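A.B. asks: what follows is a predicted protein model with its sequence.
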Amino acid sequence: MKNQKLINFPSMAYLESVETFTPGLRVSEVVERYGVPADKVAKLASAENPLGPSPRAVKAIGLALNDLSLYPDWQARSVREAIARHNGVAIKNVIASCGETELMLSIIMAFSEQADEIVFPIPTFPIYEQAALVERRQPVQVPMDQDFTIDPDKLLNAFTKKTRILMLTSPNNPLSTTIEKEKLTYILDHTPSEVLVLLDEAYADYSETGPRTDLAHCYPNLILLRTFSKVYGLAGLRVGYGIAHEAIIRALMKVKPTWNIGNLAAAGAAAALEDKEHYKKTKTLIQTGRDYLVEKLSGFSNVSVVMKPEGNFICLQILDSTISSTDVFEGLLQGGVIIKDCSVSYKGLGNRFIRVDVNVRQKMDHFLSELSRVMG
């Protein structure tokens with residue numbers, strides 16, 4: 001057997017410097033670390049659907065079990081057709097993916113080359129930077145203003161001749177804030193036609209404005225990214241999709257992994273789009289729960305809600321300078337509450353911010369009680 005110490009692939013040194021995204025902790029990790037019973041843990045860190053998966057999706061997956069021995073349709077036509085009908089677009093304008101993150105990588109591969117620049121405002125979803133780096137592109141981070149709004153001209157002025165992709169997200173992760181339509185259209189109007197604009201709408205269903213499919217018809221260099229992980233409750237199935245001009249979709253179909261959507265995933269996702277009741281129940285629960293959580297948090301003198309939240313989570317600024325976000329994170333874990341410490345993975349927030357999911361009333365009350373204890 002060869003000496004393992006001799007393994008020294010050229011790419012390994014480069015990848016050592018790439019920071020991987022740290023997802024929310026799993027319940028089992030808290031049980032093991034702190035001995036908190038699993039049924040006493042409130043997981044409020046991964047923006048998951050409190051109502052679970054769409055019942056129609058579960059039924060459809062069960063009916064598709066006999067197809068496990070068969071290769072899926074590499075074009076995923078059944079789920080793309082369902083997505084197209086749901087969004088009022090043609091199938092030629094839709095691509096399906098194994099979650100949004102796979103599609104982000106495909107977009108970078110298809111529309112940029114090594115050393116090209118990927119521009120995005122920060123703070124934002126950490127995988128934008130990770131995806132750019134692992135594909136040997138140059139991430140260009142443009143800090144938001146102090147009030148966490150995007151300055152369109154500052155963003156556009158960051159473009160160079162090497163800029164190939166602009167990544168935006170609305171609602172933002174972790175801020176839960178949206179980009180106003182006027183500001184978004186200004187950015188799109190002034191972005192060069194050779195720069196692809198990626199608009200991540202993973203949480204758009206929870207916002208007041210909703211998804212912005214209309215913009216895809218107006219801007220041929222725009223691609224909208226969506227996911228089944230949130231409002232449809234299918235995070236474990238891993239299905240996402242993009243809506244764009246047919247030329248963009250054709251290019252992405254050549255780059256994506258051949259069989260990236262399995263038979264169960266296709267069946268479940270297509271059925272979830274027809275489950276209007278589950279969709280409505282989820283939106284109502286999140287929107288009413290968000291209002292409840294914001295109201296309760298207004299009674300705390302040592303934390304502040306960041307702007308107006310529009311996603312299924314809330315970003316909080318810690319006002320007490322003697323307590324860091326990591327202190328709060330660890331303190332809440334000991335009480336059986338999992339949240340996100342925004343000093344981990346997220347750039348541009350330091351150690352003053354945490355993110356907490358909107359969930360069922362019992363879990364949010366558990367969080368509020370433990371936050372009061374931790375903050376003293």
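C.D. replies: Noted; the coordinates are in hand. A quick note: this is a predicted structure, and the numbers were derived from the prediction, not measured.
A.B. asks: could you list every residue that touches the residue lying closest to residue 220 once chain neighbours are set aside?
C.D. replies: Distances taken as C-beta to C-beta, 6 or more residues apart in numbering place residue 245 nearest to residue 220, at 4.4 Å, with adjacent residues excluded. (Glycine included, C-beta is placed from N, CA and C.) Counting by C-beta atoms under 8 Å, 6 or more residues apart in numbering, residue 245 makes contact with 93, 216, 220-222.
A.B. asks: the residues you listed in helices, which ones?
C.D. replies: residue 216 (DSSP state H).
A.B. asks: of the contacts of residue 245, just the buried ones, ChimeraX syntax please.
C.D. replies: Paste this into ChimeraX to select the buried members of the contacts of residue 245, with burial taken from 16 or more other C-beta atoms under 10 Å:
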select :93,216,221,222
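A.B. asks: out of the contacts of residue 245, who's nearest residue 21?
C.D. replies: Nearest to residue 21 among these: residue 222, at 24.9 Å, using C-beta to C-beta.
A.B. asks: apart from its neighbours in sequence, what residue is nearest that closest one?
C.D. replies: Closest to residue 222 by C-beta to C-beta, 6+ apart is residue 197, at 4.8 Å.
A.B. asks: same thing with residue 82?
C.D. replies: Using C-beta to C-beta, 6+ apart, the closest residue to residue 82 is residue 270 (3.9 Å).
A.B. asks: centre of the chain to the helix or strand that contains the one you found, how far?
C.D. replies: Residue 270 is part of helix 263-274 when elements are defined by DSSP states H and E. Put simply, helix 263-274 sits 20 Å off its chain's centre (C-alpha atoms, centre = their mean, to the nearest Å).
A.B. asks: just the residues contacting it, thanks.
C.D. replies: Counting by C-beta under 8 Å, 6+ apart, residues outside helix 263-274 touching it are 53-54, 56-61, 63-65, 67-68, 70, 72-73, 76, 78-79, 81-83, 85-86, 96, 98, 228, 232-234, 237-239, 261, 278.
A.B. asks: please apply the same query to stretch 275-282.
C.D. replies: Stretch 275-282 is contacted from outside by 49-51, 54-57, 205, 231-233, 272, using C-beta under 8 Å, 6+ apart.
A.B. asks: tell me the domain ranges of the chain?
C.D. replies: 4-52+277-375, 55-275 (automatic domain parsing).
A.B. asks: show me the helices in this structure, by range?
C.D. replies: Along the chain, counting by DSSP H, helices occupy 10-16, 27-34, 55-63, 77-87, 99-111, 127-134, 152-156, 181-190, 213-218, 246-255, 263-274, 276-297, 325-334, 361-375.
A.B. asks: nearest residue to the residue nearest the centre of the chain in space, please, no chain neighbours.
C.D. replies: Nearest residue to the geometric centre of the chain (C-alpha atoms, centre = their mean): residue 202, 5.3 Å. Closest residue in space to residue 202, ignoring its immediate chain neighbours: residue 227 at 4.7 Å, by C-beta to C-beta, 6+ apart.
A.B. asks: what residues does that neighbour make contact with?
C.D. replies: The neighbourhood of residue 227, defined by C-beta under 8 Å, 6+ apart, consists of 99-100, 202, 239-241.
A.B. asks: and what of residue 76?
C.D. replies: Residue 76 neighbours (C-beta under 8 Å, 6+ apart): 96, 260-261, 266.
A.B. asks: widest-spaced pair of the residues you listed?
C.D. replies: Using C-beta to C-beta, the two most remote members of these are 260 and 266, lying 10.4 Å apart.
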